[in-house]
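Visitor: no letters, just coordinates:
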């Protein structure tokens with residue numbers, strides 16, 4: 001009886017090829033969710049900035065909670081067919097975990113600030129911008145897409161520096177710009193590469 005045992009080198013080569021294939025497959029299908037979330041975050045950021053500038057009422061910051069309310073259903077409906085076709089693998093599980101963690105942090109920080117530390121509301125845009133930048137950078141590194149990774153690092157570092165110099169009322173624009181750089185533009189580029 002003959003067994004087909006693979007050498008360690010051949011096993012590593014097969015695993016590497018499968019990881020690379022899953023990376024390319026994921027990159028091919030990841031443009032649309034980035035566009036959806038980038039559009040939602042950018043539009044809500046501009047809307048929050050505008051109403052804060054016009055009214056100076058801090059309660060308009062509650063509009064930030066419309067991001068997941070709009071984003072999750074929009075992402076589900078726009079990406080439903082692609083998600084059904086895609087098999088679960090290491091790359092999409094890891095990137096899903098990164099963005100899931102981002103979503104939890106980006107939702108819990110404002111909830112905690114609204115209920116416990118009202119003074120911290122001013123800094124939320126800069127904190128979430130930093131986390132958004134790092135989430136994007138990690139995703140870019142996993143996808144071996146160094147443009148996405150660099151955009152994420154630039155947003156994390158430059159965004160935190162810019163938040164120090166910006167007027168408090170203009171901080172929502174920082175979030176909008178970060179979403180443009182880390183989500184919307186990379187999504188458009190990925191969809192363009194696919195075509």
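Guide: Perfect, I can see it now. Just so it is clear, the model here is predicted, and its values are computed rather than measured. Numbering: from 1, shown residues only.
Visitor: go through the helix or strand hosting residue 68 and flag the buried ones.
Guide: Using DSSP states H and E, residue 68 sits within helix 66-85. For helix 66-85, the neighbour count (16 or more other CB atoms under 10 Å) marks 67, 70, 71, 75, 79 as buried. The C-beta positions use only the backbone N, C-alpha and C, and glycine is treated the same way.
Visitor: closest one of those residues to residue 114?
Guide: residue 67 (14.6 Å; CB to CB).
Visitor: which residues are in contact with that closest one?
Guide: Each residue near residue 67 by CB atoms under 8 Å, 6 or more residues apart in numbering is listed here: 40, 41, 44, 106.
Visitor: which of the residues you listed scores worst on pLDDT?
Guide: Taking pLDDT as the measure, the contacts of residue 67 have their low point at residue 106 (87).
Visitor: packing partners of the helix or strand containing that one?
Guide: In the assignment (DSSP H and E), residue 106 maps to helix 90-115. Packing partners of helix 90-115 (3 or more CB pairs under 8 Å, 6 or more residues apart in numbering; DSSP states H and E): helix 8-29, helix 66-85, helix 124-143.
Visitor: the last one - contacts with which helices or strands?
Guide: In terms of contacts (3+ CB pairs under 8 Å, 6+ apart), helix 124-143 is packed against helix 8-29, helix 90-115, helix 146-165, helix 171-179.
Visitor: if you set the cut-off to 10 Å instead, what comes out?
Guide: The contact analysis (3 or more CB pairs under 10 Å, 6 or more residues apart in numbering; DSSP states H and E) places helix 124-143 against helix 8-29, helix 31-55, helix 90-115, helix 146-165, helix 171-179, helix 185-194.
Visitor: for residue 126, which of the ones you listed is the nearest?
Guide: The nearest among these, by CB to CB, is helix 146-165 at 3.3 Å.
Visitor: pull out the buried residues from that closest one.
Guide: Neighbour-count burial for helix 146-165, with 16+ other CB under 10 Å as criterion, is recorded at 148, 149, 151, 152, 153, 154, 155, 156, 158, 159, 162, 163.
Visitor: great, nothing more from me.
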